[in-house]
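**Q** What follows is a predicted protein model with its sequence.
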Amino acid sequence: MTRYFLDCETTGLLARHADPYTLDAEPRIVSIAVVTSAGEVVGSQRVNPGCAIPPASTEKHRITDAMVADAPAFAAVWPKLLARVGDAALVVAHNAPFDGAVLACELLRAGLPLPRWRWGCTLAASRRILPHSPRHTLDALGAVLGLPVRPDHSALADARCAALLAAELDVRDPAWCEAPTLWHPMPDGDVVMVTGHRHITSADVATVEREVAAEVAAGARRWVFGGAIGVDTVALLAAWGPSQHCTVIVPGTVAQQPVEARKVIEARADSVVEMCAANLSSSAPYMLRNAAMVHASSRVLAFTDGGPSGTRNAMEYARFQARPVRVVGVQGSDWRKR
């Protein structure tokens, strides 16, 4: 299968924490490029983001407001690019979770569906295959490997550099791109995924109950929960009712969940998915559980204190999958801040 290499230059980084969260908090594309494995240009286009480009972003990629003033909007660029790449392509990027998330946000804004793309990531692969590189940016890897094309933070040069890097990774591990991440289509109808911290304060409990009750009052009827203590348990109790359908997805089995969570699952869940991971001592089963929750949902309600956590990872993956994320700030328990 032909591999396509994509890079986006943007107005900034993904929003880490915003309360209330809106899609406008996410960065916009100012330039996008796609090349083949041979470096042939499939598409390369500056994009008018419809907003001012922050100076810090211009300093990095050297694209100014004046340079995109007459460029087409993303909604006009996308159909032509998709026609050339195809609806079921294997697309590779250096830091695919970022490029994929930004692209998904643009599609969401434009009311356009996700194509059935599969994503490979040269950044993740290079960290595994080239662990001794001092850094894993395209700049650093290009210097270590002596790549003939060096990135310059333009979308086209970076996409070409990613293609050359992929060829080097192929030599060292031909199977590195055989398990790409899929873009999953939305389920039919409104399905709300809830994610948040295990350890929360009494004030946080009240916040979760209030926000879930507001969603129910606004018409939410189908829910997906992770089955842990804390936000998951409080939200499940708050959402449960005769007109609601609550699905719980756990990384192992219900029997492996903490007693408090297990009792609530057994009493309130309308359906349970057990992923039956053999070992729950690492983060991998929980990340797979979070991914399954995202795939089953159409939007996400996230309760977070803004710090590094599984909740943040779930939010970032949701944006990669074009699921709108509404963020509600919570304090989190004291132990997380020590």
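**A** Received, thanks.

**Q** So which bits of stretch 33-50 are buried?
**A** Judged by neighbour count (16 or more other C-beta atoms under 10 Å), stretch 33-50 contains these buried residues: 33-36, 39, 42-49. In short, each C-beta sits where N, CA and C put it, glycine included.

**Q** For burial, what's the neighbour tally of the residue nearest to Leu23 when sequence neighbours are not counted?
**A** Leaving out its chain neighbours, the residue that sits closest to Leu23 by C-beta to C-beta, 6 or more residues apart in numbering is Arg109, at 5.9 Å. Neighbour count for Arg109, taken as other C-beta atoms under 10 Å: 17.

**Q** With Ala228 instead?
**A** Neighbours of Ala228 (other C-beta under 10 Å): 23.

**Q** Glu260 is in contact with that one, correct?
**A** No. The criterion here is C-beta atoms under 8 Å, and Ala228 misses it with Glu260 at 9.7 Å.

**Q** Could I get the contacting residues of Leu90?
**A** Applying C-beta atoms under 8 Å, 6 or more residues apart in numbering, we find Leu90 in contact with 1-4, 117-120, 177, 180.

**Q** what do you get if the cut-off is 6 Å, keeping everything else the same?
**A** Neighbour list for Leu90: 1, 3, 118 [criterion: C-beta atoms under 6 Å, 6 or more residues apart in numbering].

**Q** so of those, which ones are in strands?
**A** Among those, the members found in strands (DSSP state E) are 3, 118.

**Q** that older thread, could you measure from the residue nearest to Leu23 over to Pro49?
**A** 10 Å (C-beta to C-beta, to the nearest Å).

**Q** same question, Gly332
**A** For Gly332 relative to Pro49 (C-beta to C-beta), the value is 34 Å.

**Q** ok, what's across the strand from Thr304?
**A** Gly329 (DSSP bridges).

**Q** Output the below-cut-off pLDDT ranges for the protein.
**A** Filtered on pLDDT under 70, the chain yields the residue ranges 16-21, 333-338.

**Q** Helices of that one, residue ranges please.
**A** 55-61, 65-68, 74-85, 96-110, 122-129, 138-145, 155-172, 202-217, 231-239, 259-268, 284-295, 310-320 (DSSP state H).

**Q** who does the fifth one touch, helix- and strand-wise?
**A** Of the remaining helices and strands, those touching helix 122-129 by 3 or more C-beta pairs under 6 Å, 6 or more residues apart in numbering; DSSP states H and E are helix 155-172.

**Q** ok, 10 Å please
**A** Applying 3 or more C-beta pairs under 10 Å, 6 or more residues apart in numbering; DSSP states H and E, we find helix 122-129 packed against strand 90-93, helix 96-110, helix 138-145, helix 155-172.

**Q** got a list of contacts for that helix?
**A** 5, 92-98, 121, 133, 135-138, 140-141, 144-145, 161-166, 168-173, 176-177, 181 (C-beta atoms under 10 Å, 6 or more residues apart in numbering).

**Q** Just give me how far stretch 276-292 sits from the chain centre.
**A** With C-alpha atoms, centre = their mean, to the nearest Å as the basis, stretch 276-292 stands 17 Å off its chain's centre.

**Q** Between the two ends of it, how far is it?
**A** 13 Å (C-alpha to C-alpha, to the nearest Å).

**Q** Show me what counts as buried in that stretch.
**A** Using 16+ other C-beta under 10 Å as the burial criterion, the residues of stretch 276-292 that qualify are 277, 280, 285-286, 289-292.
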